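> Sharing a model that was predicted from the sequence below.
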Amino acid sequence: MSTRPDRQLVTLLSRWLARHAGDDELRSGLDEIGVEGLEPQQREAVEELAAELARPGSRGSLERTARETLEALALG
């Protein structure tokens, strides 16, 4: 039985926010899981996070975007 993509992404983001996963693992996980099967708002949040992750910047800004994405995924 496969896990829904929103739940896989919640797990991935939770691990990254707790610093149990690095940026590379987050990046590859986002690519692997993808956005297929997500609600439009969830898809937009994940795509925004992926774009933020691709840009050089501060960890704080990326964490804020990750938390917003986590909220969008959890609320559906």
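Everything's here; your move.

> list the helices and strands the biggest helix by length in the chain packs on?
Determined from DSSP state H, the single longest helix within the chain is helix 59-75. Helix 59-75 makes packing contacts with helix 5-17, helix 40-54 when contacts are defined by 3 or more CB pairs under 8 Å, 6 or more residues apart in numbering; DSSP states H and E. The C-beta positions use only the backbone N, C-alpha and C, and glycine is treated the same way.

> how big is the angle separating the helix or strand following the shortest one from helix 5-17?
Read in the C-terminal direction, the helix or strand following helix 5-17 is helix 23-33, with elements assigned using DSSP states H and E. Helix 23-33 and helix 5-17 meet at an angle of 180 degrees, taking axes from the mean of the first three to the mean of the last three CA atoms, to 10 degrees as the criterion.

> Which parts of helix 23-33 count as buried, going by neighbours?
26, 29-30, 33 (16 or more other CB atoms under 10 Å).

> I'd like those as a markdown table, with pLDDT appended.
Formatted as a markdown table, these follow (pLDDT from 0 to 100):
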| residue | pLDDT |
| --- | --- |
| 26 | 97 |
| 29 | 98 |
| 30 | 97 |
| 33 | 97 |
